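Q: any chance you can model this:
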Amino acid sequence: MLSRNLRPNEGLKSDYSREPLSVSWKTGTSNSYRDAWSVAIFGQYVMAVWVGSFDGTENPAYVGRDAAAPL
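A: Numbers count the residues shown, from 1 in each chain. Here you go, the predicted structure:
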């Protein structure tokens, strides 16, 4: 299901081959903008990114696609 959620440039280039590396990814934003996250699967790897404050302070910049996914 997530593999259909590709960005317009569709995937990353691997340093080891000329074939594009397929990336499946999902983002999320909590209620009241307390944190944001992004998870990606590419090749044999899984990467997760979390952005937020440990005290739960709200921040309108905590949107998954804008804050966590670019990292």
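Q: return the distance of W37 relative to S30.
A: According to CB to CB, to the nearest Å, W37 and S30 sit 8 Å apart. Using the backbone N, CA and C atoms, a C-beta is placed for each residue, glycine as well.
Q: more neighbours: which of these two?
A: W37 (19 against 14; other CB atoms under 10 Å).
Q: what's across from that one in the sheet?
A: G28, W50 (DSSP bridges).
Q: surely L21 touches F42?
A: Yes - the criterion here is CB atoms under 8 Å, and L21 meets it with F42 at 5.3 Å.
Q: quick check: chain neighbours aside, which residue is closest to N59?
A: Nearest non-adjacent residue to N59, counting by CB to CB, 6 or more residues apart in numbering: Y33, 5.7 Å away.
Q: now the strands: where do they sit in this structure?
A: For the chain, strands defined by DSSP state E occupy the ranges 12-13, 20-21, 23-29, 35-42, 45-52.
Q: and those as JSON lines, adding mean pLDDT and distance to P60?
A: Formatted as JSON lines, these follow (pLDDT from 0 to 100; distance: least, CB to CB, whole Å):
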{"stretch": "strand 12-13", "mean pLDDT": "52", "distance to P60": "29"}
{"stretch": "strand 20-21", "mean pLDDT": "70", "distance to P60": "33"}
{"stretch": "strand 23-29", "mean pLDDT": "90", "distance to P60": "10"}
{"stretch": "strand 35-42", "mean pLDDT": "92", "distance to P60": "11"}
{"stretch": "strand 45-52", "mean pLDDT": "94", "distance to P60": "13"}
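Q: deepest-packed of those strands, please.
A: strand 35-42 (a mean of 19; mean count of other CB atoms under 10 Å).
Q: so what secondary structure elements neighbour it?
A: Secondary-structure packing of strand 35-42 (3 or more CB pairs under 8 Å, 6 or more residues apart in numbering; DSSP states H and E): strand 23-29, strand 45-52.
Q: can I get the ones you listed in JSON lines with distance to N59?
A: JSON lines is the format used below for the helices and strands packed on strand 35-42 (distance: least, CB to CB, whole Å):
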{"stretch": "strand 23-29", "distance to N59": "11"}
{"stretch": "strand 45-52", "distance to N59": "8"}
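Q: all good on my end, thank you.
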